[in-house]
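Colleague: Following is a predicted model, sequence given first.
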Amino acid sequence: MASSVSVCLSWAPRLAVLVLTLATAAPTNLRAQALPAPAQAQALSEWRTGRSLYAAGTIVGLMGSGLVVAGIVTGGLYDVQTGSILAMSGSGAHALSFVLSATGLGLQHNAMEALGAPVGRGLFAAGTALGVAGLLSIGTAYFFGATSGYVPDHPQAALWSSVAGSVLTLTGSILYLVDAKRLAVAMRRLGRF
């Protein structure tokens, strides 16, 4: 019994120093300290650039959606040729939106990996696959709109191909929206949003 008391008394000063050191140390984010300051600054700059590109893509996508809806209404009620031109303009805006959003989210994923808090890329990959399929459909719409003789009613084919491409890129954008939310939550956990 006496030997256990002496062992406890010998460890008591060391334990007290350890407790005082931990209690007086400033709280830090250990993940963020793993990078040197220039690398952190680069990753945060990449994050901000990605957020800006994603926001620009979202705005362009909303404008494209308005054009596609106007094209569907115009093509169905008034003139198919004018409707297909509006829908193709909207689908072109969706294509630009997809490129901006994909670039922005890719930059944000890279920044999170650099900061030591990677977020899974499954939603990003699925959204990208749908967006690429949408781009192919939009390209087909432009082909049908610029040519004649390949299909009997090329303005109608251009209209519906551009609508299909817009639906695919919009579905990819919805997946991107969920992925962007996950990235924002992960960045908030790092305390750097």
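Modeller: Received the coordinates, thanks.

Colleague: roughly how far apart are the residue nearest to residue 156 when sequence neighbours are not counted and residue 145?
Modeller: Closest residue in space to residue 156, ignoring its immediate chain neighbours: residue 80 at 5.7 Å, by Cβ to Cβ, 6 or more residues apart in numbering. C-beta coordinates here come from the backbone N, C-alpha and C atoms, glycine included. Remark: distance between residue 80 and residue 145 (Cβ to Cβ, to the nearest Å) = 11 Å.

Colleague: what mean pLDDT would you report for the longest helix anywhere in the chain?
Modeller: The residue-count maximum for a helix in the chain (DSSP state H) belongs to helix 37-77. Helix 37-77 shows a mean pLDDT of 88.

Colleague: ok, now which ones touch residue 148?
Modeller: Residues counted as contacts of residue 148 (Cβ atoms under 8 Å, 6 or more residues apart in numbering) are residue 154.

Colleague: Let me fix that, I meant to ask about residue 108.
Modeller: Residues near residue 108 by Cβ under 8 Å, 6+ apart: 46-47, 50-51, 54, 180, 183.

Colleague: Next, the angle from the one helix or strand it maps to to helix 37-77.
Modeller: Element membership of residue 108, judged by DSSP states H and E, is helix 80-114. Helix 80-114 runs at 160 degrees relative to helix 37-77, counting by axes from the mean of the first three to the mean of the last three Cα atoms, to 10 degrees.
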